[in-house]
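Q: predicted model, plus sequence, below.
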Amino acid sequence: MSKKIETLAIHAGQEPDPSTGAIMTPVYQSSTYVQEKVGVTKGYEYSRTGNPTRAALEACLAQLESGRHGLAFSSGMAATDSLIRLFEPGDHILAGNDVYGGTFRLFDKIWESYGFEFDYVNMCDLDEVAAAIKDNTRLLWLETPTNPYLSVVDLAALSEVAKASKSKPLVAVDNTFATPYLQQPLLHGADFVIHSTTKYMGGHSDVVGGAIVTSHDQYAEKLAYLQNAVGAVPGPMDCFLVLRGIKTLHVRMDRHAENATAIADFLVEHPKVGHIFYPYLRSHDQVEIAKRQMRNGGGMLSFEINSGEAGARKLVETTKIFALAESLGGVESLIEVPAAMTHLSTAGSPLEVSPSLIRLSVGIEHVDDLIADLEQALEKA
């Protein structure tokens, strides 16, 4: 029987423990496993290679993203790094020109030094993407919505562009902002989905993790080999915390979006606020794609303040409920200046972020309190 994602979030990969009946997945805090004979195991031999708690999380992730294979990593960046290891020096990777600063740093400062080629384009402009694909292009890397400008890429159309090109690059989508509750990129033609499970999947700012989901058997096998060989794996307690967070993913994402929508509407009317970036806002350039592709607009929102960099810094240092911090996706609201924080690595590059841009991770507090907090901070900015 096909199950809805709300049911999968609670039950996928998480059968009651057969030995005790425990309804919660046990935390198998073991580094190694006894073998019945040499090479004869009960499915596990060493926890870098595999762990039952991690296996439950990986099965859950795969089902949530409508994929066949899920792989858990120690962080979102570890997942990204492992995916790039599928390719070889001399390969060309085409990335979005509005990606997370840590992703850009990994590509620009690490992988380019090993002979990989990277170019950055507007993934919302399909003609620009098609023109930038080369004979040696092996991967399109994108986020949607993007970080921090919340642009929305038409996943089905972009996947068709990739398939129609001579080199037929694979398509990888960082789905961290949307989560599988809002959209499932594999159903739109993508080959890989990447998550920082630190964010909405965990949802409580108490764990760091990452994930890759794919339906390609051959790539899943290679990724599992890399996962074991490189060893960037999460511990069993980390896996348990992400599994626990996923159980309330759908409930939280609806409240995140409800609050973010109300805040976007408030900011539209404020005289000190310039451009607002929120996928479901009527003025958003890709609002129709967002409404077709996403269940709701999500909990991330960015805006520019008319008083420039000084005003942006003053505002984020004046809020009382919105905490000045990096990261996102927790139940508590966070605020930051990307140019000086999460995207500092893009300074001086074509991906440089405006210093007057403010990014909000809208939490699930009462929306009236959040709006009042922003209102008093805007008065002082």
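A: That came through fine.
Q: and stretch 295-304, how far apart are its ends?
A: 26 Å (CA to CA, to the nearest Å).
Q: and stretch 362-373, what's buried?
A: Buried residues in stretch 362-373, counted by 16 or more other CB atoms under 10 Å: Val362, Gly363, Ile364, Glu365, Val367, Leu370, Ile371, Asp373. Where C-beta positions appear, they are placed from N, C-alpha and C, glycine not excepted.
Q: SS state for the residue positioned nearest the centre of the chain?
A: Nearest to the mean C-alpha position of the chain, by CA atoms, centre = their mean, lies Thr176 at 1.6 Å. For Thr176, the secondary structure call by DSSP: H, G, I helix; E, B strand; the rest coil comes out as coil.
Q: where do the domain boundaries of the chain fall?
A: 5-246, 249-380 (automatic domain parsing).
Q: make TSV out of these and add mean pLDDT.
A: Shown next, in TSV, are the domains of the chain (pLDDT from 0 to 100):
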stretch	mean pLDDT
domain 5-246	97
domain 249-380	97
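Q: one step back: roughly how far does the closest residue to the residue nearest to the centre of the chain other than its chain neighbours sit from Gly202?
A: With sequence-adjacent residues excluded and distances taken as CB to CB, 6 or more residues apart in numbering, Thr176 is closest to Ser196, at 4.7 Å. Distance of Ser196 to Gly202, computed by CB to CB, to the nearest Å: 9 Å.
Q: any common contacting residues for these two?
A: Contact with both Ser196 and Gly202 is made by residues Gly209, according to CB atoms under 8 Å, 6 or more residues apart in numbering.
Q: of those two, who's got more company?
A: For Ser196 versus Gly202, neighbours defined as other CB atoms under 10 Å are more numerous around Ser196 (28 against 24).
Q: go ahead and confirm the more buried one touches Thr179.
A: No: checked against CB atoms under 8 Å, the pair Ser196 and Thr179 is beyond contact range at 10.7 Å.
Q: quick one, phi psi at Ala323?
A: phi -90, psi 130 (degrees, to the nearest 10).
Q: what about the closest residue in space to Leu281 that isn't next to it in sequence, how many neighbours?
A: In space, and not counting its chain neighbours, Leu281 is closest to Ala264: 5.2 Å by CB to CB, 6+ apart. Counted with other CB under 10 Å, residues neighbouring Ala264 total 23.
Q: buried ones in the helix ranked longest in the chain?
A: For the chain, the helix with the greatest residue count under DSSP state H is helix 249-268. Of the residues in helix 249-268, 249-250, 252-261, 263-264, 266-267 count as buried by neighbour count, 16+ other CB under 10 Å.
Q: excluding sequence neighbours, find me the nearest residue to Ala55.
A: Nearest to Ala55 is Gly13, by CB to CB, 6+ apart, at 7.6 Å.
Q: now do Gln29
A: Per CB to CB, 6+ apart, closest to Gln29 is Pro236, 5.5 Å.
Q: what separation is there between Ala372 and Glu379?
A: 11 Å.
Q: so what secondary structure elements neighbour the longest helix of the chain?
A: With contacts taken as 3 or more CB pairs under 8 Å, 6 or more residues apart in numbering; DSSP states H and E, helix 249-268 sits against helix 5-11, helix 179-182, strand 273-277, strand 300-305, helix 367-380.
Q: now that helix against strand 300-305, angle please.
A: 20 degrees (axes from the mean of the first three to the mean of the last three CA atoms, to 10 degrees).
Q: and the contacts of helix 249-268?
A: Here helix 249-268 has contacts from 5-6, 9, 179, 181-182, 200-201, 203, 273, 276, 278, 280-281, 283, 295-301, 303, 331, 360, 362-365, 367, 370-371, 374-375, using CB under 8 Å, 6+ apart.
Q: ok so, going back, correct me if wrong: the residue nearest to Gln29 contacts Leu57.
A: No: look at Pro236 against Leu57 with CB under 8 Å: they stay out of range, at 9.4 Å.
Q: so between these two, which is more surrounded?
A: Leu57 (31 against 22).
Q: and that one, helix, strand or coil?
A: Under three-state DSSP, Leu57 comes out as helix.
Q: before we move on, which element is the closest residue to it other than its chain neighbours in?
A: Closest residue to Leu57 apart from its sequence neighbours, by CB to CB, 6+ apart: Cys239 at 4.3 Å. Here Cys239 sits within helix 236-246, counting by DSSP states H and E.
Q: now the angle from that helix to helix 249-268?
A: Using the same axes, to 10 degrees: helix 236-246 against helix 249-268 is 70 degrees.
Q: identify all contacting residues around helix 236-246.
A: 9, 14, 24-25, 27-30, 47, 51-54, 56-57, 60, 64, 72, 74, 197, 201-204, 206-209, 234.
Q: which of those residues fall in helices?
A: Counting by DSSP H, the part of those found in helices is Ala9, Pro52, Thr53, Arg54, Ala56, Leu57, Cys60, Leu64.
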